[in-house]
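Asks: No letters, just coordinates:
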Ligand SMILES: Nc1nc2c(c(=O)[nH]1)N[C@@H](CN(C=O)c1ccc(C(=O)N[C@@H](CCC(=O)O)C(=O)O)cc1)CN2
Ligand SMILES: NCC(=O)N[C@@H]1O[C@H](COP(=O)([O-])[O-])[C@@H](O)[C@H]1O
């Protein structure tokens, strides 16, 4: 199959990149056939996921918010202006890539994307999906695993979960593509729960990406 016939992904990361690794591995297997990751972007320089991408010969970019914040006063308006410029610049970076991606996967991407990113990307017909370690309508935002663990200990919550969802302006509120429940176990440590959830994530991010690619082809 020629390169131009492949499904093209761009992956956004901020950290270890274990979910990126799951996608890299899946592209080399029947799990994500005819699919390749053409670029990995991190908002954190020290993200180990950048090393994972380089080891897999995938081009990377480091796109950091600080230089944009330095150009504006440290006020609410200044921060908003910096985020607008940062997000617009991120969209520009992706839209210049050749070939363009059909899907952008947020895989531990710890930056809230504004319409200054989402609108130009949607206008180009590119889907944005996100991995979130919670079920629809629960524990939106950062720190979801710990918040679910606390709810298990203090409120008797019996289960949490993982979802892959479409990214909209409202954080973690986009339509769920695929979800999987994860039981909460009495007396389990946060680390043990995190490890079980990460295992679920590594499978679900591949399944959610595959489903999204299949939807685009229909
Ligand atoms: N517009 C959207 N942007 C993002 C979504 C989304 O659904 N809509 N999902 C997130 C990922 N995410 C949870 O899944 C998430 C990541 C980060 C944060 C957050 O509070 N970030 C802070 C900065 C935190 C940091 O830098 O350590 C922020 O952006 O101010 C909330 C939710 C990806 N983006
Ligand atoms: N709100 C999004 C969120 O909290 N994502 C979390 O970031 C981690 C990234 O791990 P990784 O860098 O090893 O893929 C994931 O495990 C996921 O729980």
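Replies: That came through, no problem. Owing to the predicted nature of the structure, the values given are computational and were not obtained by experimental measurement. Ligands and ions are numbered 1, 2, ... in the order given.
Asks: Strands of the protein, residue ranges please.
Replies: Ranges of strands in the chain, per DSSP state E, are 7-13, 35-42, 60-62, 103-106, 127-132, 159-166, 176-183.
Asks: Which other helices and strands does the third one contact?
Replies: Counting contacts by 3 or more Cβ pairs under 8 Å, 6 or more residues apart in numbering; DSSP states H and E, strand 60-62 packs against strand 35-42, helix 48-55. The C-beta positions use only the backbone N, C-alpha and C, and glycine is treated the same way.
Asks: Quick one: closest of the ones you listed to ligand 1.
Replies: When the helices and strands packed on strand 60-62 are compared by Cβ to the nearest ligand atom, strand 35-42 sits nearest ligand 1, at 11.7 Å.
Asks: Any buried residues in the closest one, and which?
Replies: If you call a residue buried by 16 or more other Cβ atoms under 10 Å, then strand 35-42 has these buried ones: 35, 36, 37, 38, 39, 40, 41, 42.
Asks: where does the chain dip in pLDDT?
Replies: Low-confidence segments of the chain (pLDDT under 70): 1-4.
Asks: Kindly recompute the last result at 90.
Replies: 1-6, 217-218 (pLDDT under 90).
Asks: Close to ligand 2: what parts of it are there?
Replies: 13, 15-20, 49, 107-108, 131-133, 142, 144-145, 198, 201 (Cβ under 6 Å from any ligand atom).
Asks: Let's see that with 8 Å instead.
Replies: 13-22, 47-49, 106-110, 130-133, 141-145, 162, 172, 194, 197-198, 201 (Cβ under 8 Å from any ligand atom).
Asks: mind listing which of those residues are in helices?
Replies: Applying DSSP state H to the residues of the chain next to ligand 2, the entries found in helices are 18-22, 48-49, 144-145, 194, 197-198, 201.
Asks: Among those residues, the buried ones, what's the ChimeraX command?
Replies: Here is the ChimeraX command that selects the buried residues among these (16+ other Cβ under 10 Å):
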select :18,19,20,21,22,48,49,144,145,197,198,201
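Asks: could you dump the ones in helices among the residues of the chain next to ligand 2 to a markdown table with distance to ligand 1?
Replies: As requested, those are exported to a markdown table (distance: Cβ to the nearest ligand atom, whole Å):
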| residue | distance to ligand 1 |
| --- | --- |
| 18 | 15 |
| 19 | 11 |
| 20 | 14 |
| 21 | 18 |
| 22 | 16 |
| 48 | 16 |
| 49 | 14 |
| 144 | 7 |
| 145 | 11 |
| 194 | 15 |
| 197 | 13 |
| 198 | 14 |
| 201 | 11 |
